[in-house]
Each structure stands twice: as C-alpha cells, then as structure tokens.
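Enquirer: sequence and predicted model, in that order:
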Amino acid sequence: MRIRLGYVAISLSLPQGSPNKTTTLFNLNKIENKVDQLSKLSRLARENLATQLRVLCYNVAHNIEMFRITSHLIPLATHPITRGWDYCEEFREELFAIGDIVKKHSLRISAHPDHFTILNSPVDSVVEAAIADLHYHDKLFDAMGLGAVAKLVLHVGGVYKDKPQSLRRFVAAFHQLPDGLRERIIIENDDKSYAAEEVLALCQEIKAPMVLDVHHHNCCNVGTGLFTLLPAIFATWGTTIPKIHFSSPKCGKNIRAHADYINIDEFVAFLAVAKECNQDFDVMIEAKQKDLALFALMKELQKIPKARIINEAAIEY
DNA sequence: TCGTGTCAAGATCTT
DNA sequence: AAGATCTTGACACGA
C-alpha cells in the first residue's frame, strides 16, 4: 500500500515559512481610522498569501502532496470589524495562483477550522458563528478554484451532558448547510468527547468521510481497537483515498499535547494494523516541528525493512 | 534583543 | 455563578 505524508500549515525549513501573520483587536483598535485598520489587515493577508504560495512551491519541490492550509490566511476575516471586506475579490489573483499550483500538481489541500467552530452548540449564536466560519473557508477554496476535493475537518463539538441529543444537533446543522459546503466537511474523532467508534457511526449516518486521528483514539476510545474499526473508517471515503491524522504524545504529564516529532515505533505499529486493510492512505503529520518532523519520520522509515521509499514524502509498505 | 503576557471566538472543570 | 484551564502561534510591549 502507498502512504503519503503531509504536514500542517507552517514550514519550519523555509525562512518566513508561516502564513499565519495576524494582529489582535486590541492593537488594531489603536489605529484610529477604519481605512488604516483595513490596510493593516490587507497587508498581513497579502503577506500570508505570498508565503502560502511559497510554501506550496517548496512542498512541490519536496514531493509533499498533502498539506493543511491555515485558517488564518485572512486575519480577522470573520470578525464583525471586517464586515463588508471582499477579500476574495481583493486577492483574486493571489488566491487563484494558490489554487493553480494545487491543481497543477494534484496537491491534496484541507483546512481545519479551530475549536471555536462548533456546529452542535445549543446556543444559536455559536452555531451561526460556526457556519460563518465555514463559509469563510468555503469562499477561499472557491476563490482558489478548488471544488469539494478541498476538505474542511471538523470535530463533533461539545457533549452538553447529553451525547445523543448533541449528536442529533450536529446532524441537523450539517443537513442545513448548502450542498457545496456540506460536501467539503469531514469529521474527526477528538481526544476528550467523541471516540472514533461514535464518529464512525455518525459519518456512516450522514455519509461524510471520517478522519481518524490515531493519537486522539489513544486518548479517548470506548474499547474498540483500530484493527476492528479501520476498515469501516476507510470505507466512509468511498473511492477517495482516506486520510488520517497522526501525532505522538508529548512525554510527561500532558498526554494529549503533541510532541515535536513522530515516534517511529508508534507509527510502524499503526502501519502494521493498517496493512490488514490493504488500502492506500494519506497521513497528516501533526507534530510541532512540522515539515522537519515529516522528514525526520521519513528518515526513520528508511531503516524499516518493509517500507520502500517512493520519494521524500511517500512510502510503499 | 529577548522574554513574557495577551489575544475574537467555546466548553468544561473547579471553586 | 464566576473564574480557571485547555491549547496555540504570533504579536507587541517592556526589561
């Protein structure tokens, strides 16, 4: 089976490799007039988009075909202070150029709206904000010319002392999304509330692909092993190559935190389980050392007899 | 120049 | 019922 690796948002190999530049409301409000405020945001966004393009070029040069785009390309895009700002129009060319390189090299691009984006909250305003945030991501992908292949990873959300009810709220909100946006959504098991088995059942019900996070599964599960779950998780992807998330726990007391690098033994142990599915898949490496961790893992994989190196970011196992 | 407190956003645990 | 904590990268300020 062929396994490709990707990494998240920032390149640590490249100088100025972070497309995350932002500002805070507090500092923005020190600027007196609206026009100057917007021009500051505009400048940051332009820098981020230029950095993003550079990072993708670097990825192409290193055979990294999978990448998660930061949610912060356009700073404060969904905050009321920027209401009316047509950033897709302002940065039409920049966004198009990003989409162009993605399409030209068949890159697999996703984004992961952060943990404030919660579709299943009982509070209407929270759900409205979540939907607005999803639209922001959707608009950017549209402006890049990327269809439903560009996915948005979501968690189920909170439990609110009633998991079945909270799952129903997720389903209801999900079904109310516009088609184009709904087709982008893929759902990940989390490290505290919704275990892989529960997210799998949800994904089967609403016919959305499930992203297995192996680390989260180790933090939060209901006793079912991956050996049992993996075939059904992969099946939620249909004919698309499944994608999983992989990270290693930071050693010490906080097991849920991400380590700098990937533990090769844990990774190979997972490969052994996945081997039974005989299915190609992609792995998003979620390590604090970003692309450096990806390359470090590839270097370790070279020593594994069963792993055949295809290129700088892919193996056959 | 370096270290540190702070940041739009929610949920949940602790007091 | 209110406050602390979670978690994260980056900014901006002050030492």
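Expert: Ah, there it is. Numbering: from 1, shown residues only, chains lettered A, B, ... in the order given.
Enquirer: once you drop chain neighbours, what's closest to A:Arg92?
Expert: A:Ala143 (6.7 Å; C-beta to C-beta, 6 or more residues apart in numbering). Glycine gets a C-beta too; all of them are placed from N, C-alpha and C.
Enquirer: for that neighbour, the count of nearby residues, please.
Expert: A:Ala143: 18 surrounding residues under other C-beta atoms under 10 Å.
Enquirer: which phi and psi values does it adopt?
Expert: Backbone torsions of A:Ala143, given as degrees, to the nearest 10, read phi -60, psi -20.
Enquirer: correct me, but it touches A:Cys88?
Expert: Yes. Between A:Ala143 and A:Cys88 there is a contact under C-beta atoms under 8 Å: 4.3 Å.
Enquirer: which bits of the stretch 151-300 of chain A sit near DNA strand B?
Expert: By C-beta under 7 Å from any atom of the strand, the residues of the stretch 151-300 of chain A that approach DNA strand B are A:157-160, A:192-193.
Enquirer: which pair in the residues you listed has the greatest spatial separation?
Expert: A:Tyr160 and A:Lys192 (13.3 Å; C-beta to C-beta).
Enquirer: can I get the buried part of the residues of the stretch 151-300 of chain A next to DNA strand B as one ChimeraX selection?
Expert: Per 16 or more other C-beta atoms under 10 Å, the buried members of those correspond to this ChimeraX selection:
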select /A:157,158,193
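Enquirer: so of the residues of the stretch 151-300 of chain A next to DNA strand B, which ones are in strands?
Expert: If you go by DSSP state E, those have nothing in strands.
Enquirer: hmm, back to that, residue contacts, the residue nearest to A:Arg92?
Expert: By C-beta atoms under 8 Å, 6 or more residues apart in numbering, the contact set of A:Ala143 is A:88, A:91-92, A:95-96, A:99.
Enquirer: can you lay out these as JSON lines showing secondary structure?
Expert: Below are the contacts of A:Ala143 laid out as JSON lines (DSSP: H, G, I helix; E, B strand; the rest coil):
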{"residue": "A:Cys88", "secondary structure": "helix"}
{"residue": "A:Phe91", "secondary structure": "coil"}
{"residue": "A:Arg92", "secondary structure": "helix"}
{"residue": "A:Leu95", "secondary structure": "helix"}
{"residue": "A:Phe96", "secondary structure": "helix"}
{"residue": "A:Gly99", "secondary structure": "helix"}
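Enquirer: tell me the spacing between the residue of the stretch 151-300 of chain A at minimum distance from DNA strand C and A:Asp213.
Expert: Relative to DNA strand C, the nearest point of the stretch 151-300 of chain A is A:Arg256 (3.9 Å; C-beta to the nearest atom of the strand). Per C-beta to C-beta, to the nearest Å, A:Arg256 is found 11 Å from A:Asp213.
Enquirer: got any residues that touch both of those two?
Expert: With C-beta under 8 Å, 6+ apart, A:Arg256 and A:Asp213 have common neighbours A:Asp191.
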